[in-house]
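[1] Sequence unavailable; structure follows:
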């Protein structure tokens, strides 16, 4: 029977905990970008007086909340396809890019000491590799003293864009995973324990010896988690960091991505981290409240202009200037109240 670890992954950040003013912004969704949204929001409120109440409930929850119109914006690491956006009257745009990393709790193992391939990761999360001393792991880790410990899988229990990116990568690397489990924000996990949010997975791995999970890199960094290396398309094992995420995103063709639907998984390049993705904001194209819609876009426009250094400090990758310019043009052409744009970013 699946256990669920319930963590404090609903992030009502401290600076938004006071009663919200009329101009304050409400958002909900992905835990992947929660650390940078919190950092941006704190600086934005100090500068403008406008607060952000962001509930980090997972990408699936964010999609549900925006469709129910209970928040000003939803947030998801799983981009919606153009037909799904059209059916709901939604528009999506990227904010930052980052990486998903496997994390482990293994005595005597340092961060980055263990290498794993995509097929081995799939076998671990499927429950086919049951012990860390397995010869398949030992073969690609010569000289590493692997513990004789059973493998405990930790995965997300909620609908998660991080899970979508991770299971999409496993599906690309393992035909068995693709056919039996598949890629989605919520899958029928063959084995393991469920943690809510990136923070829930981090906490469960931290307290469970022999465990392996997956989180957005900022959570691994903040929690001093032991991450593994993952083989990329070029056969290399880069360190998971901002340059490796940027290398994976370098060839992204946003201008050719209808609805901004774009995945950055398993990109070419010796330095590219293989499990890289963008995170997205979802808002309605037709805004019932023009002023509130403008506040959302104004916040993210401010973040585009002022938030790159903050994003880099958490090992997210800021969007290139041409992509930001492209998104601003989309705002003016797409997000309207009646026939008028609610906000024209510059």
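    Here it is on my side, so go on. Since we're looking at a predicted model, the values are computed, not measured.

[2] And what about the residue nearest to residue 314 when sequence neighbours are not counted, helix, strand or coil?
    Counting by Cβ to Cβ, 6 or more residues apart in numbering, residue 314 lies nearest to residue 218, which is 4.6 Å off, once chain neighbours are set aside. For glycine as for every other residue, the C-beta is placed from the backbone atoms N, C-alpha and C. Using DSSP: H, G, I helix; E, B strand; the rest coil, the three-state assignment for residue 218 comes out as helix.

[3] Next: residue 26.
    Residue 26 is classified as strand under three-state DSSP.

[4] Now do the same contact list for it.
    20, 52-54, 70-73 (Cβ atoms under 8 Å, 6 or more residues apart in numbering).

[5] so what's it bridging to?
    residue 53 (DSSP bridges).

[6] which residues sit against the helix or strand where residue 42 lies?
    Assigned by DSSP states H and E, residue 42 belongs to helix 34-48. Identification of contacts with helix 34-48 by Cβ under 8 Å, 6+ apart yields 11, 13, 15-16, 27, 50-52, 54, 56, 75, 95-96, 198, 218-219, 222, 299, 302-303, 306-307, 310-311, 313-314, 316.

[7] For it, buried residues please.
    Using 16 or more other Cβ atoms under 10 Å as the test for burial, helix 34-48 gives 34-45.

[8] What of stretch 130-149?
    Neighbour count says stretch 130-149 has 132, 134, 137, 141, 146 buried, by 16+ other Cβ under 10 Å.

[9] Narrow those to those in helices?
    Secondary structure defined by DSSP state H assigns residue 137 of the buried residues of stretch 130-149 to helices.

[10] now stretch 155-174: how far from the chain's centre is it?
    How far stretch 155-174 lies from its chain's middle: 10 Å, per Cα atoms, centre = their mean, to the nearest Å.

[11] In the longest strand belonging to the chain, which residues are buried?
    Longest strand of the chain, by residue count under DSSP state E: strand 90-104. For strand 90-104, burial by neighbour count (16+ other Cβ under 10 Å) applies to 90-104.

[12] Over to stretch 262-276?
    Those would be 262-267, 269, 271-276, for stretch 262-276 by 16+ other Cβ under 10 Å.

[13] Contacts for the longest helix along the chain, please.
    Taking DSSP H as the criterion, the chain has its longest helix at helix 290-306. Here helix 290-306 makes contact (Cβ under 8 Å, 6+ apart) with 23, 25, 27, 40-41, 43-44, 47-48, 50, 52, 72-73, 93, 95, 281, 283-284, 287, 319, 324, 327-328, 331, 335, 337, 340, 342-343, 345.

[14] Tell me where the stretch 151-300 of the chain has helices.
    With helices called from DSSP state H, counting those that start in this stretch, the stretch 151-300 of the chain shows them at 161-173, 175-180, 197-207, 217-222, 242-249, 290-306.

[15] And the strands in the stretch 201-346 of the chain, which stretches?
    211-216, 226-227, 229-230, 264-265, 275-284, 317-318, 336-337, 340-341 (DSSP state E, counting those that start in this stretch).

[16] Restricted to buried residues, select the contacts of helix 290-306 in PyMOL.
    Typed into PyMOL, the line below selects the buried ones among those, using 16+ other Cβ under 10 Å:
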select buried, resi 25+27+40+41+43+44+50+52+72+73+93+95+281+283+284+287+319+324+327+328+331+335+337+342+343+345
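
[17] tell me the domain ranges of this protein?
    4-98+277-341, 100-256 (automatic domain parsing).

[18] Next, the contact list for residue 183, please.
    Here residue 183 is in contact with 164, 167-168, 170-171 (Cβ under 8 Å, 6+ apart).

[19] export the residues you listed to JSON lines and tack on pLDDT?
    As requested, the contacts of residue 183 are exported to JSON lines (pLDDT from 0 to 100):
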{"residue": "164", "pLDDT": "96"}
{"residue": "167", "pLDDT": "98"}
{"residue": "168", "pLDDT": "98"}
{"residue": "170", "pLDDT": "98"}
{"residue": "171", "pLDDT": "98"}
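
[20] Could you list the buried residues of stretch 222-232?
    223, 225-232.
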